[in-house]
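J.: here's a sequence, model it:
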Amino acid sequence: MLSVKTNRSIEDFKSDVVGGFNLIETVTIVGCVIVYAIIMMILILYSPIPKILCAYVPFPLIVYPIAKTFFKKNGMGIKEFRAKTKAFKSGEILPYKSTENPDNYLNIAKESNSEDSFDKTLRKIKIIAAIGILVLIAAIILVVVLKFVL
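T.: Modelled structure (predicted):
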């Protein structure tokens, strides 16, 4: 007699299509690879961008779909997680008032109102990335203009 072990918990079930990925993940991976390959080939064949840089230009177009599909934190997707994190950070902090030492309470209140170093670093990284993207776009435009002018 043939016996098949089944998992009784429905939460542990995951429908595998290819290599442990479900259908949505597989379609996302294949779609992103196709889009990446098409853009890279167009840039290599028809643009004056150096071939070494052509491999890096399509990355911004494929990062978001991959992050949207694969990012899961506490059962939330990337959009929901960012919205909840933003709402949490903008909320009012309710400090605990210690009766032991008023000086400690004032120090805690001052620290809770200031930004932590992670947020400052993240803001700097975002600014640097925005400037880098603008410089990259300007360089591409400059190369294209110089090719047609010279």
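J.: make it CA atoms for all contacts and neighbour counts henceforth
T.: Fine.
J.: where does this structure have low pLDDT?
T.: 1-14, 17, 92-118, 150 (pLDDT under 70).
J.: residue for residue, what is the longest helix it has?
T.: helix 117-149 (DSSP state H).
J.: enumerate the positions of it that are buried.
T.: 140, 143 (16 or more other C-alpha atoms under 10 Å).
J.: same deal with stretch 26-35?
T.: Within stretch 26-35, the residues that count as buried by 16+ other C-alpha under 10 Å are 26, 28-29, 32.
J.: can you put these in JSON lines and add secondary structure and distance to residue 46?
T.: Converted to JSON lines, these look like this (DSSP: H, G, I helix; E, B strand; the rest coil; distance: C-alpha to C-alpha, whole Å):
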{"residue": "26", "secondary structure": "helix", "distance to residue 46": "30"}
{"residue": "28", "secondary structure": "helix", "distance to residue 46": "27"}
{"residue": "29", "secondary structure": "helix", "distance to residue 46": "26"}
{"residue": "32", "secondary structure": "helix", "distance to residue 46": "21"}
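J.: how far is the helix or strand encompassing residue 41 from where the chain is centred?
T.: Secondary structure from DSSP states H and E places residue 41 in helix 23-46. Centroid separation for helix 23-46 versus its chain: 18 Å, with C-alpha atoms, centre = their mean, to the nearest Å.
J.: quick one: contacts for residue 71?
T.: Contacts of residue 71 were listed using C-alpha atoms under 8 Å, 6 or more residues apart in numbering, and they are 77-78.
J.: one step back: show me what the following helix or strand past the helix holding residue 41 is packed up against.
T.: Sequence order places helix 51-54 as the next helix or strand after helix 23-46, per DSSP H and E. Using 3 or more C-alpha pairs under 8 Å, 6 or more residues apart in numbering; DSSP states H and E, the elements in contact with helix 51-54 are helix 23-46.
J.: run through who's touching stretch 141-150.
T.: 47-49.
J.: point to the residue nearest the middle of this protein.
T.: residue 67 (5.3 Å; C-alpha atoms, centre = their mean).
J.: now do the contacts for it.
T.: Applying C-alpha under 8 Å, 6+ apart, the residues near residue 67 are residue 78.
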